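>>> Test case, fold it:
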Amino acid sequence: MSTNVRLCYGNRNSAASAFGVGESYFDVYAMSMSEGIIFTSDMVKHHGQVIVID
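Below you'll find the model as predicted:
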């Protein structure tokens with residue numbers, strides 16, 4: 001699932017794309033985080049509002 005979104009912070013905003021992925025996405029593509037954590041199956045199960053910025 002993907003969609004175009006508008007990100008807003010204070011008086012700044014920008015167009016972006018949002019993609020819905022499962023918790024195995026990062027393992028499948030051998031990706032790791034430089035900071036923070038990869039979202040968990042519990043976050044997915046409870047529809048957590050999680051964002052990963054690339």
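
>>> which residues in this protein form strands?
When secondary structure is read from DSSP state E, the chain shows strands at 2-9, 12-19.

>>> Just the CA coordinates for the last one, please, in CSV.
Backbone C-alpha positions of strand 12-19 (Å, rounded to 0.1, in the frame of the first residue of the first chain) are rendered in CSV as follows:
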residue,chain,number,x,y,z
ARG,A,12,7.0,24.0,7.3
ASN,A,13,5.5,21.4,5.1
SER,A,14,6.6,19.1,2.3
ALA,A,15,5.2,16.5,-0.1
ALA,A,16,6.2,12.9,0.6
SER,A,17,5.3,9.3,-0.3
ALA,A,18,4.1,6.9,2.4
PHE,A,19,4.4,3.1,2.1
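
>>> Which one of the strands of the chain lies nearest to S34?
strand 12-19 (19.0 Å; C-beta to C-beta). Bear in mind the C-beta positions are built from the backbone N, C-alpha and C, glycine included.

>>> and D27, what is it in contact with?
Applying C-beta atoms under 8 Å, 6 or more residues apart in numbering to D27 gives no contacts.

>>> meant to ask about M31, not that
Counted by C-beta under 8 Å, 6+ apart, M31 has contacts Y25.
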